[in-house]
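> Predicted coordinates and the sequence they were generated for:
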Amino acid sequence: MPLKVMAKHRPGGQQVIQRSSFREILSLNGKLIIPLFQRSYCWNEKQIEDWWQDIMVGVSDNTKNKHEGSENVDDKVKKEVDQGLLVHNVNLIRLKKTERNGILEILIVDGQQRITTTSILLAAVLQFGNTFQLTSDTTTEWELLKSDLNQSLQFNNDLKLIPSIPDRAAYREAILRGNIDEYKDSCQVKALAIFKRNLEKLLDSFTKDSEKIDQLKRIVVSALDFMCPMLVELTEADNLAEMFQWYQEKSLLGLAALLKGVPGVQFAASDLVRNFVMSTALGKSLDEQEQIYRDLWLEKIQIPCKGHTDFYLDVFPKTKGVSSLQDTGRFVSEFEEQIRTIINSRGNDEEDEDIERKPDVDLSGMMLFCRFHSFLYSLDIDGDISKINLFVQQFSIFLENI
């Protein structure tokens, strides 16, 4: 039986935790929405290749057990997943379900990189299979697999996964049309090209389309049933914005402790501050979130900063009486204290500036966010949309006058 427990998360509310699979998540009858203010999809080639190799382990296990036929494979793998066998654990995915106008909206609070990667792989399989010269013997098998793929990729005749604004156009082109030219610099399009290259290499040793389709089945089963996250469903949240901020801080504390690059994480302070500012929009409809994003962040901060947002975030607190990092009179949040303690525990009595330029991982964005985090908390604006509006207004005036 899957593990199911009820637990309280720190800011208030409840969550259900259970072992899941990407099949279960992508089969949810609704839209999977990546918050529009989240960072862009950013997995690199090594991370994609590592994901592919993990999937190949599942394909190998399925082959050794001689699972034959799509339905038989699915039934046996699902049974073994329930028993905690034949799975590869891929960390947590956090979701919040909301019904709006009769449509289920599933907000991906954490896990967008893995869900997006799985969707791109399924699209690569679908596009690759559509190139086969099918016979009467193989048409039925492919149509069954194609239906399985579309169930995970589509909802109401549209894409099931809705990425954040910077990723939407590239994702749509990659998934629907397999276009890898127009958005060739997109990480999503690059991931699609890598998966297609690996599929071609894998299937090159098979001469019959029936054998190729069988391999594609095994890949899909491995991607959807062998790769198993622990699903955290947020069933209640007294303050969704506060909860999101708490998860972000908790995640960064863990990363600081690891002190190494982690898939899907970048340390740009502007991204983290944007999430802090925009978290108050989490409980609103997608249209309302997009309007708030444009009004509060894009037009007032991101565009005027012209690619130098981190620089201005560093300068702005100084206009409010915070002269420097070493200012003994400034407010330091508990979160900043924890991050600095973890980083300084590396030893060697490193100076602050040396820590932030450590060659193995660039922590400068995290440290800037920590300082700005303290500054925002000193203004007592946490989760208060009116105070956040005031902050954005003050920052906008600062940009106009600098």
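That came through fine. Numbering: from 1, shown residues only.
> Quick check: longest strand in the chain by residues?
Secondary structure of the chain per DSSP state E: the longest strand is strand 88-100.
> Give me the helices and strands touching that strand, please.
Helices and strands in packing contact with strand 88-100 are listed as helix 45-64, strand 103-110, helix 112-129, strand 227-236; criterion 3 or more Cβ pairs under 8 Å, 6 or more residues apart in numbering; DSSP states H and E. All C-beta atoms are positioned from the backbone trio N, CA, C, and that covers glycine.
> any idea how far residue 305 is from residue 281?
20 Å (Cβ to Cβ, to the nearest Å).
> Settle it for me: which of those two has more neighbours?
Counted by other Cβ atoms under 10 Å, residue 281 and residue 305 do not tie: residue 281 has more neighbours, with 24 against 16.
> thought the more buried one was touching residue 288?
Yes: here residue 281 reaches residue 288: they are 6.8 Å apart, a contact under Cβ atoms under 8 Å.
> Per-residue pLDDT of residue 287, please?
Turning to residue 287, the model gives it a pLDDT of 80.
> let me redo that: residue 10
pLDDT for residue 10: 51.
> Just want the most central residue of the protein.
By Cα atoms, centre = their mean, the chain has its centre lying nearest to residue 112, at 2.1 Å.
> picking up where we left off before, mind putting the helices and strands packed on strand 88-100 in a markdown table, distance to residue 33 and mean pLDDT included?
Converted to a markdown table, these look like this (distance: least, Cβ to Cβ, whole Å; pLDDT from 0 to 100):
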| stretch | distance to residue 33 | mean pLDDT |
| --- | --- | --- |
| helix 45-64 | 22 | 85 |
| strand 103-110 | 5 | 88 |
| helix 112-129 | 10 | 95 |
| strand 227-236 | 14 | 86 |
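> Packed most tightly, which of these would that be?
The highest mean neighbour count among the helices and strands packed on strand 88-100, using mean count of other Cβ atoms under 10 Å, belongs to helix 112-129: a mean of 24.
> And stretch 280-289, how far out from the chain middle?
18 Å (Cα atoms, centre = their mean, to the nearest Å).
> all helices of the stretch 251-400 of the chain, in order?
Applying DSSP state H, counting those that start in this stretch to the stretch 251-400 of the chain gives helices spanning 269-278, 286-292, 303-305, 309-315, 334-344, 352-356, 364-378, 385-401.
> Of the ones you listed, which shows the lowest average pLDDT?
helix 352-356 (a mean of 43).
> Please report the distance of residue 91 from residue 99.
For residue 91 relative to residue 99 (Cβ to Cβ), the value is 27 Å.
> Now tabulate the helices and strands packed on strand 88-100 in TSV and tack on distance to residue 159.
As requested, the helices and strands packed on strand 88-100 are exported to TSV (distance: least, Cβ to Cβ, whole Å):
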stretch	distance to residue 159
helix 45-64	20
strand 103-110	13
helix 112-129	9
strand 227-236	21
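> Just tell me which of the ones you listed ends up closest to residue 390.
Nearest to residue 390, of all these, is strand 103-110, at 26.4 Å by Cβ to Cβ.
> tell me the angle of that closest one relative to strand 88-100?
Interaxial angle, strand 103-110 versus strand 88-100 (axes from the mean of the first three to the mean of the last three Cα atoms, to 10 degrees): 140 degrees.
> Quick one: list the elements packing against strand 103-110.
Against strand 103-110 (3+ Cβ pairs under 8 Å, 6+ apart) you get strand 31-33, strand 88-100, helix 240-258.
> got the contact list for stretch 304-313?
For stretch 304-313, the external contacting residues (Cβ atoms under 8 Å, 6 or more residues apart in numbering) are 268-270, 273, 301-302, 365, 368, 372, 395-396, 398-400, 402.
> from these, which two are the most distant?
365 and 400 (25.0 Å).
> The two: which has the busier surroundings?
residue 365 (18 against 8).
> close enough to count as contact, the more buried one and residue 273?
No: counting by Cβ under 8 Å, residue 273 is not a contact partner of residue 365; they are 10.0 Å apart.
> Now do the same contact list for residue 192.
Residue 192 touches 120, 123-124, 174, 178, 180, counting by Cβ under 8 Å, 6+ apart.
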